[in-house]
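Q: Okay, sequence plus prediction incoming.
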Amino acid sequence: MKIGIVGLGYVGLTLAIAAASRGAEVFGTEINPKIKSCLAENRAHFFEPGWTN
C-alpha cells in the first residue's frame, strides 16, 4: 500500500510512522524549514514521552 501525507507536523508525522511500521510505503511533503531540517537529521521535531529514537 502507498500512502501520501501532506504536512508532517504532529499528526502527519505520527501517522506516517504508524503506517510505515505496518508495512505501508509512505511519501510525505512538508514546507516548514524547521520540520524539514529535523527530518533530514532523522529525528522528530517534537518530544513524545515514552518514545526512544
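A: Yep, it's here. Numbering: from 1, shown residues only.

Q: distance of Val6 from Gly12?
A: Here the criterion is CB to CB, to the nearest Å. By it, Val6 lies 7 Å from Gly12. In short, each C-beta sits where N, CA and C put it, glycine included.

Q: Name the nearest residue to the residue most central in space within the chain, ignoring sequence neighbours.
A: Geometric centre of the chain, nearest residue: Leu13, 2.8 Å, by CA atoms, centre = their mean. Spatially, and ignoring its direct neighbours in sequence, Leu13 is nearest to Ala44 (6.2 Å; CB to CB, 6 or more residues apart in numbering).

Q: What is the lengthiest helix in the chain packed up against?
A: When the chain is parsed with DSSP state H, its longest helix is helix 10-21. Helix 10-21 makes packing contacts with strand 2-6, strand 25-29 when contacts are defined by 3 or more CB pairs under 8 Å, 6 or more residues apart in numbering; DSSP states H and E.

Q: Among those strands, which comes closest to Ala40?
A: Set against Ala40 and scored by CB to CB, the helices and strands packed on helix 10-21 come closest in strand 25-29, at 12.6 Å.

Q: Just the residues contacting the helix or strand that that closest one is followed by, thanks.
A: Beyond strand 25-29 on the C-terminal side, the first helix or strand identified by DSSP states H and E is helix 33-40. Contacts to helix 33-40, defined as CB atoms under 8 Å, 6 or more residues apart in numbering, come from residues 8-9, 13, 30, 44-45.

Q: of all those residues, which comes closest to Gly23?
A: Distance to Gly23, by CB to CB, is smallest for Leu13 among the contacts of helix 33-40, at 17.8 Å.

Q: Let me know the distance separating the closest one from Lys34.
A: Per CB to CB, Leu13 is found 13 Å from Lys34.

Q: same question, Val6
A: Relative to Lys34, and taking CB to CB, Val6 is found at 17 Å.

Q: coming back round to it: you'd agree the residue nearest to the centre of the chain is up against Asn32?
A: No - judged on CB atoms under 8 Å, Leu13 makes no contact with Asn32 at a distance of 11.2 Å.
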